[in-house]
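Student: Sequence first, predicted model second:
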Amino acid sequence: MGQVLRKENVAGFVRNLQKSGKTVVATNGCFDILHVGHVRYLQKTKSFADYSIVLLNSDKSVKSIKGPSRPINNQDDRAEILCALSCVDYVVMFDENSPGALLDEIKPDVYTKGADYTMETLPEADIMRKNNTRVEFIEFVQGKSTTNTINKINNEG
């Protein structure tokens, strides 16, 4: 079962894992209403390293990005659900709109992002290059998204 780490402690924690010869992969997202697309994405993410860390947008961050009606599930619930997945080792919440600064502190061995991004469009690309972090782009599961789920509920409600 995964564990929530404090943002202030995560960089040192990761460094200790890496010093012991372990690899760390990081990804980020809101993970609001968990669906099969999320699960497959997180399973693939975990396949790239010994340990996986999900950088989770806090409620404040999600509202800023997605609007005042989001998230549907609060940050503590989202973190607990993620920690229940065997492919998630650690969860760290962040308040900013972008995980760039946190990624720069953590310096994971691998970073995953959805395949709707490329190195040319990835906001964190410069940080990844600077820290020698390998980037893996993961294909989405067609038609699976939190927005689609919310729209389906609203249209049938």
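Tutor: Yes, it's here.
Student: ok, and what's touching the longest helix along the chain?
Tutor: Looking across the chain with DSSP state H, the single longest helix is helix 7-19. Here helix 7-19 makes contact (CB atoms under 8 Å, 6 or more residues apart in numbering) with 5, 24, 50-51, 53, 90, 92-94, 102, 105-109. All C-beta spots, glycine's among them, are computed from the backbone N, C-alpha and C.
Student: repeat that with 7 Å
Tutor: Helix 7-19 is contacted from outside by L5, V24, Y51, V92, M93, F94, L102, E105, I106, P108, using CB atoms under 7 Å, 6 or more residues apart in numbering.
Student: what's the answer for stretch 76-90, then?
Tutor: 1-5, 31-32, 34, 39, 42-43, 46, 51-54, 56, 71, 91, 93.
Student: Could I have the ChimeraX command that selects the buried members from the residues you listed?
Tutor: Filtering the contacts of stretch 76-90 down to the buried ones (16 or more other CB atoms under 10 Å) takes a single ChimeraX command:
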select :2,4,5,31,32,34,42,46,51,52,53,54,56,71,91,93
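Student: Residue ranges in this structure under the pLDDT threshold?
Tutor: 143-148, 150-151, 157 (pLDDT under 70).
Student: Just give the nearest non-adjacent residue to the residue most central in space within it, would you?
Tutor: Centroid check for the chain by CA atoms, centre = their mean gives N28 as the closest residue, at 2.1 Å. Leaving out its chain neighbours, the residue that sits closest to N28 by CB to CB, 6 or more residues apart in numbering is L55, at 3.8 Å.
Student: For A101, see how far away the one you found is.
Tutor: For L55, the distance to A101 (CB to CB, to the nearest Å) stands at 11 Å.
Student: picking up where we left off before, I'd say the residue nearest to N28 and V92 touch.
Tutor: Yes - using CB atoms under 7 Å, L55 and V92 qualify as a contacting pair, with a distance of 5.5 Å.
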